[in-house]
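**Q** Sequence plus predicted model, see below.
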Amino acid sequence: MEEQNDNQLNIELSEEMAEGIYANLAIITHSNSEFVLDFIRVMPGVPKAKVKSRIVLTPDHAKRLLNALADNIEKFEMNNGTIKVGGNDQGGMPFNFGGPTAQA
């Protein structure tokens, strides 16, 4: 007789979704009932950026995500060293992207 684990969840990941979406900016907003995470790709020299993905979470799930991300960052840093947040002490967006400006 086979034992069934009632807590097991079968998660499906399509090929397209497995490729992922690159984003280098996240904007987080919230109301009293939800958190909205917009993931954006900003390109150097392009004044317009598009939201590539939007995730809407309940406050409970947002807190769980925060804890899971903190736990994973801690484990990563134990194996790979401290992650240095580059150049901007304010924690804001590095609009110059750290490279030379293009000239025509």
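**A** Happy to help now that I have it.

**Q** start to end distance for stretch 6-26?
**A** End-to-end distance of stretch 6-26 (Cα to Cα, to the nearest Å): 35 Å.

**Q** For it, buried residues please.
**A** Within stretch 6-26, the residues scored as buried using 16 or more other Cβ atoms under 10 Å are Ala23. C-beta coordinates here come from the backbone N, C-alpha and C atoms, glycine included.

**Q** do stretch 45-52 as well
**A** Within stretch 45-52, no residue is scored as buried using 16+ other Cβ under 10 Å.

**Q** Which residues does that stretch contact?
**A** Applying Cβ atoms under 8 Å, 6 or more residues apart in numbering, the contact partners of stretch 45-52 are 21-23, 25, 38-43, 102.

**Q** So which of those sit within strands?
**A** Of the contacts of stretch 45-52, the ones assigned to strands by DSSP state E are 25, 38-41.

**Q** now the strands for this structure?
**A** 25-30, 35-41, 50-57.

**Q** most packed of those strands?
**A** Most buried of those by mean neighbour count (mean count of other Cβ atoms under 10 Å) is strand 35-41; its value is a mean of 16.
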